[in-house]
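Colleague: sequence plus predicted model, see below.
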Amino acid sequence: MPFTLGGDWVETPKERPPGPFKIHKERRRQKIVTRITRLPLFDDEIKELAKSLRHSFACGGSVKEGAIELQGDFADKAKELVKDYLRKIQ
């Protein structure tokens, strides 16, 4: 939440969410969507990971409310790529 300090707006740093990430599949209008939630990443890192996953799987997707949504059934493949990404940034 932003606040003022001497008349200047200051953003408080966001902390990484705790716990392991989760991957699950949802059926939407006869299609499968792979949803990756609880990622221990900041917003810009989540967007970078989503772009990498979309490129790797040649699919569409988006970032909504801190979760990555990929169009298609990529749960098993995405799990390995997310683990590799998390190892790389730590």
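Modeller: Cool, got the structure.
Colleague: tell me, please, where in this protein the pLDDT is lower than the cut-off.
Modeller: Counting by pLDDT under 70, the chain contains low-confidence residues at 1-19.
Colleague: strands of that one, start to end?
Modeller: Remark: strands of the chain, listed N- to C-terminal, are 3-5, 8-10, 22-28, 31-37, 61-64, 67-71; assignment by DSSP state E.
Colleague: want to throw those into CSV with distance to Leu86 and mean neighbour count?
Modeller: Quick note: C-beta positions are derived from backbone N, CA and C, even for glycine. Listed next are the strands of the chain as CSV, based on distance: least, CB to CB, whole Å; neighbours: other CB atoms under 10 Å:
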stretch, distance to Leu86, mean neighbour count
strand 3-5, 31, 8
strand 8-10, 29, 8
strand 22-28, 13, 11
strand 31-37, 11, 18
strand 61-64, 16, 14
strand 67-71, 13, 20
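Colleague: closest one to Asp43 among those strands?
Modeller: strand 61-64 (8.0 Å; CB to CB).
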